[in-house]
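K.L.:
I'll drop the sequence and a predicted model, then ask my questions.
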Amino acid sequence: MVALAPPQAYSQAGDRRHLGRALAIWLGLLLIAVSLLSLGHGASGVSASAVMGDWLAGRDLSATDRVVLFDIRLPRLLTAVLVGAALAVSGAVMQGLFRNPLADPGLLGVSAGASLGAIAAIVLGGLLPPAVAAFAGWHLVPLAAFAGSWLAMVALYAIATRQGRTSVATMLLAGIALAAMIAAVSGLMIYRADDDQLRDLTFWGLGSLAGASWTKLSAAGPVIILALVAAPFLARGLNGLALGEAAAAHVGLRVQRIKAACILSAAAATGASVAISGGIGFVGIVVPHLLRLIAGPDHRWLLINSGLLGASVLIAADMISRSVVAPAELPIGIVTAMIGGPFFMWVLLSNRRVLDA
Amino acid sequence: MSLRARSLHLSLGGRQVLNGIGLTARPGHFSAIIGPNGSGKTTLLRALTGEIAPQGGTITLNGQPIDRLAPETLARRRAVLPQHSALGFSFNVAEIVSIGLATHVGTEAERARLIRAALGLVGLPGHAGRLWQELSGGEQQRVQLARALVQVWQPVGSDGPRWLLLDEPVSSLDIAQQLTVMRLARDYATRGGGVIAVMHDLNLTAMFADHVLLMQDGRALAEGRPADVITDDLLSRAYGCALRVRHAPEDGVWLLPHGAVA
Ligand SMILES: Nc1ncnc2c1ncn2[C@@H]1O[C@H](COP(=O)(O)OP(=O)(O)O)[C@@H](O)[C@H]1O
Ligand SMILES: [Mg+2]
């Protein structure tokens, strides 16, 4: 394949960017393929290719086809794309910020913070002055989730990093403590919830794309898109940070600004994705780790490729979640945990040297 | 045009580490900072890099206060080799060296040329694709030096001389590599740049330095030409053990037989 041959400009020894670029092309193709597959796959048995054929031939679509394709499958697909990309990119950004491949919003309480924000918005939203509630509207839940993840992230960073050094042990333990405390507060909130709110809330615990809709997508999507677009601009800074804060400052990077931007974009992506689909674990750890093994840790391609692969992975997980117990469906969080858990264990074991230090 | 620190006071963790120390380093010179462990050499260098702000005193680089310079401007004028380096991920050598070009504006080909040239200078040609974690301590140290070198490649720029600030640049190198690195730094100074290096090896200091600052407890015990600072009396006082300075007959290099040579 032409794409894999390193072009002249990249043939410099030690330059792995041609790998990253070739990978981006392949991952883009994979994403398109998986998306088409997912559109054609569902409980109703409507075939995407048949509908597409009808549509291209200028024939009118049946009302059912239209609803299934455009009101059910398409928003769900786009949700999977955005959430998958958001999970993987925020994982990669957070790992770069903490200089550690184990940092992950799901593990370290950042997603829990987002859940708490969302739960608080649902349960306590009614207490807001009507004018404020009306102004915030559909954005209230994603905004609250973002605020929650941002606060959790800032707290975690402040605890785990001292004088520019991150202690792995402190980071993991602080993350666990933070997640537990947040879960307790969330529990308290749920205690206060009425039946309607409870139904809304249960799916947050497991993570699911079943609630995907154009409305939710329009509320949280723009935030995710903003965070995803911003992420590649952090690449140079994250590469510098890998040498430590002092060295990053020595080469002329504005370290405080970069750190704040990383925290903001990772929190925004996590918060918005949790607002749509609840906490979906392991994508943020598994995807960047795999990509680092293939093309190295250079963030200039890592962040983009994480977005592409994360999207494909979540679409695939969603298809699995819809087919295993069809016509019912498994919460997608269970699928990613079943696959991601053992993988995570493997990452842990291969990093044992770092952790024991 | 110099790198000048005046009466710096700096405390870290409640300890007074710098106690009114000053230093004037000139372009074209190799300035060495020596002194016993814990005397504050690294801390002084970190202050000179702009990394930590002293509570008292002033530091100027080419006449401008260092804390007023934008990070990018500062990065164009001085590069730093820290005493220790750790790396979060499995970057390879070329990728690490390219981090030194983070604020560099130039073509891709130019960057590649700089990286290759710097790796050649530090004696690591052909190492571009090697992974950091698979390098020896000495190789890692030289990769970091190459990373610093690409950042201030030309010793003199339109805005004045550039500076290399090195913290124990030869601490984990064998004797041949020590000479390679010292000659490289010396050459940088000869071409008009400024070099400030924290040194442990007094022989190398005597061989290569133009200017020496001898530190003790955050103060300057002596500052001046090597011949004036590297003396029996001053060294014995600073390091707290009997030391004698000898002259090598052929090439006039100073040597320091350690211990009590009765
Ligand atoms: N961050 C810090 N907090 C507290 N004390 C420090 C810190 N950094 C250095 N020191 C102390 O300052 C003194 C000088 O340290 P340093 O400049 O590293 O010495 P040198 O490089 O000459 O060996 C030492 O006693 C060290 O323990
Ligand atoms: Mg030191």
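P.N.:
Sure, I can see it. Ligands and ions are numbered 1, 2, ... in the order given.
K.L.:
from residue A:281, how far out is the nearest residue to residue B:128 once chain neighbours are set aside?
P.N.:
The shortest distance from residue B:128 to any non-neighbouring residue, by C-beta to C-beta, 6 or more residues apart in numbering or on different chains, is to residue A:14 (2.9 Å). (Glycine included, C-beta is placed from N, CA and C.) Distance, residue A:14 to residue A:281, by C-beta to C-beta, to the nearest Å: 35 Å.
K.L.:
what does residue A:66 give?
P.N.:
For residue A:66, the distance to residue A:281 equals 35 Å [C-beta to C-beta].
K.L.:
the more surrounded of these two?
P.N.:
Between residue A:66 and residue A:281, residue A:281 has the larger neighbour count (other C-beta atoms under 10 Å in any protein chain shown), namely 21 against 14.
K.L.:
okay, now residue B:65: neighbour count?
P.N.:
Counted with other C-beta under 10 Å, residues neighbouring residue B:65 total 10.
K.L.:
check contacts around it.
P.N.:
B:58, B:59 (C-beta atoms under 8 Å, 6 or more residues apart in numbering or on different chains).
K.L.:
and with 7 Å instead?
P.N.:
By C-beta atoms under 7 Å, 6 or more residues apart in numbering or on different chains, the contact list for residue B:65 reads residue B:58.
K.L.:
now swap in residue A:231 and tell me
P.N.:
Contact partners of residue A:231, counting by C-beta under 7 Å, 6+ apart, are A:89, A:93, A:265, A:303.
K.L.:
again, but for residue B:211
P.N.:
By C-beta under 7 Å, 6+ apart, the contact set of residue B:211 is B:25, B:29, B:31, B:225.
K.L.:
who does the first one bridge with?
P.N.:
Beta-bridge pairing of residue B:25 under DSSP bridges involves residue B:3.
K.L.:
so where's the chain uncertain?
P.N.:
Looking at chain A here, since you left the chain open. A:1-12, A:43-46, A:48-49, A:133-138, A:164-165, A:203-206, A:351-357 (pLDDT under 70).
K.L.:
my bad, the chain I had in mind was chain B
P.N.:
B:250-262.
K.L.:
find the centremost residue of it, please.
P.N.:
Most central in chain B under C-alpha atoms, centre = their mean is residue B:166, positioned 1.9 Å from the mean C-alpha point.
K.L.:
can you tell me the helix or strand for that one?
P.N.:
Element membership for residue B:166, per DSSP states H and E: strand B:163-167.
K.L.:
next structured bit after that strand?
P.N.:
Counting by DSSP H and E, what follows strand B:163-167 is helix B:175-190.
K.L.:
could you pull out the helices in the stretch 51-200 of chain B for me?
P.N.:
Secondary structure of the stretch 51-200 of chain B (DSSP state H, counting those that start in this stretch): helices located at B:71-77, B:93-99, B:108-121, B:137-151, B:175-190.
K.L.:
can you check the stretch 201-350 of chain A too?
P.N.:
Remark: helices assigned in the stretch 201-350 of chain A by DSSP H, counting those that start in this stretch are A:214-230, A:235-241, A:245-250, A:255-277, A:283-295, A:299-323, A:332-350.
K.L.:
what comes up buried for the longest one?
P.N.:
Read it as helix A:299-323. Buried residues in helix A:299-323, counted by 16 or more other C-beta atoms under 10 Å in any protein chain shown: A:299-322.
K.L.:
quick one: it to chain centroid distance?
P.N.:
9 Å (C-alpha atoms, centre = their mean, to the nearest Å).
K.L.:
is it in proximity to chain B?
P.N.:
No: counting by C-beta under 7 Å from any C-beta of the partner chain, chain B is not contacted by helix A:299-323; separation bottoms out at 9.2 Å.
K.L.:
quick check: angle from that helix to helix A:214-230?
P.N.:
Using axes from the mean of the first three to the mean of the last three C-alpha atoms, to 10 degrees, the direction of helix A:299-323 lies 160 degrees away from that of helix A:214-230.
K.L.:
check which helices and strands helix A:299-323 is in contact with.
P.N.:
helix A:17-39, helix A:74-98, helix A:235-241, helix A:283-295, helix A:332-350 (3 or more C-beta pairs under 7 Å, 6 or more residues apart in numbering or on different chains; DSSP states H and E).
K.L.:
could you give the angle of that helix to helix A:332-350?
P.N.:
Computed by the same axes, to 10 degrees, the angle between helix A:299-323 and helix A:332-350 is 130 degrees.
K.L.:
repeat that for the fifth one.
P.N.:
Here helix A:283-295 runs at an angle of 50 degrees relative to helix A:332-350 (the same axes, to 10 degrees).
K.L.:
neighbouring contacts of helix A:283-295?
P.N.:
Under the contact criterion C-beta under 7 Å, 6+ apart, helix A:283-295 has outside partners A:16, A:19-20, A:23, A:84, A:87-88, A:90-92, A:95, A:101, A:104-106, A:301-302, A:305-306, A:309-310, A:313-314, A:336, A:340, A:343-344, A:347, B:89.
K.L.:
count of neighbours near the nearest residue to residue A:65 once chain neighbours are set aside?
P.N.:
Once flanking residues are discounted, residue A:65 sits nearest to residue A:51: 5.0 Å by C-beta to C-beta, 6+ apart. Here the number of neighbours of residue A:51 (other C-beta under 10 Å) works out to 21.
K.L.:
pretty sure residue A:51 belongs to a helix, no?
P.N.:
Yes: the assignment for residue A:51 is a helix, going by DSSP: H, G, I helix; E, B strand; the rest coil.
K.L.:
what's the separation between it and chain B?
P.N.:
45 Å (C-beta to the nearest C-beta, to the nearest Å).
K.L.:
pick the most deeply packed of the helices of the stretch 51-200 of chain B.
P.N.:
The highest mean neighbour count among these, using mean count of other C-beta atoms under 10 Å in any protein chain shown, belongs to helix B:93-99: a mean of 26.
K.L.:
how about that one and chain A, any contact?
P.N.:
Yes: Helix B:93-99 is in contact with chain A by C-beta under 7 Å from any C-beta, via B:93, B:94, B:95, B:99.
K.L.:
and that helix, what does it pack onto?
P.N.:
The contact analysis (3+ C-beta pairs under 7 Å, 6+ apart) places helix B:93-99 against helix B:108-121, helix B:137-151.
K.L.:
want to try JSON lines for those, with distance to ligand 1 as columns?
P.N.:
Below are these laid out as JSON lines (distance: least, C-beta to the nearest ligand atom, whole Å):
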{"stretch": "helix B:108-121", "distance to ligand 1": "26"}
{"stretch": "helix B:137-151", "distance to ligand 1": "16"}
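K.L.:
if we can go back for a sec, which pair in the residues of helix B:93-99 next to chain A has the greatest spatial separation?
P.N.:
The largest separation in the residues of helix B:93-99 next to chain A, counting by C-beta to C-beta, is between B:93 and B:99 at 11.1 Å.
K.L.:
on that earlier part again, what sits against the residue nearest to residue B:128?
P.N.:
B:92, B:93, B:94, B:128, B:129.
K.L.:
quick check: it is in a helix.
P.N.:
No: the assignment for residue A:14, made by three-state DSSP, is coil rather than a helix.
K.L.:
just to revisit the earlier point, and residue B:18, which of the helices of the stretch 201-350 of chain A is closest to it?
P.N.:
Closest among the helices of the stretch 201-350 of chain A, once you apply C-beta to C-beta, is helix A:245-250, at 17.3 Å.
K.L.:
can you show me the CA trace of that closest one as CSV?
P.N.:
The C-alpha coordinates for helix A:245-250 follow below in CSV (Å, rounded to 0.1, in the frame of the first residue of the first chain):
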residue,chain,number,x,y,z
GLU,A,245,8.1,20.6,33.8
ALA,A,246,11.5,22.2,34.3
ALA,A,247,12.8,20.9,31.0
ALA,A,248,9.6,21.9,29.2
ALA,A,249,10.1,25.4,30.5
HIS,A,250,13.7,25.4,29.5
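K.L.:
so does it get close to chain B?
P.N.:
Yes: Helix A:245-250 is in contact with chain B by C-beta under 7 Å from any C-beta, via A:246, A:247, A:249, A:250.
K.L.:
most surrounded residue in those residues?
P.N.:
Result: residue A:250 is most packed of the residues of helix A:245-250 next to chain B (other C-beta under 10 Å), 30 neighbours.
K.L.:
lovely, talk soon.
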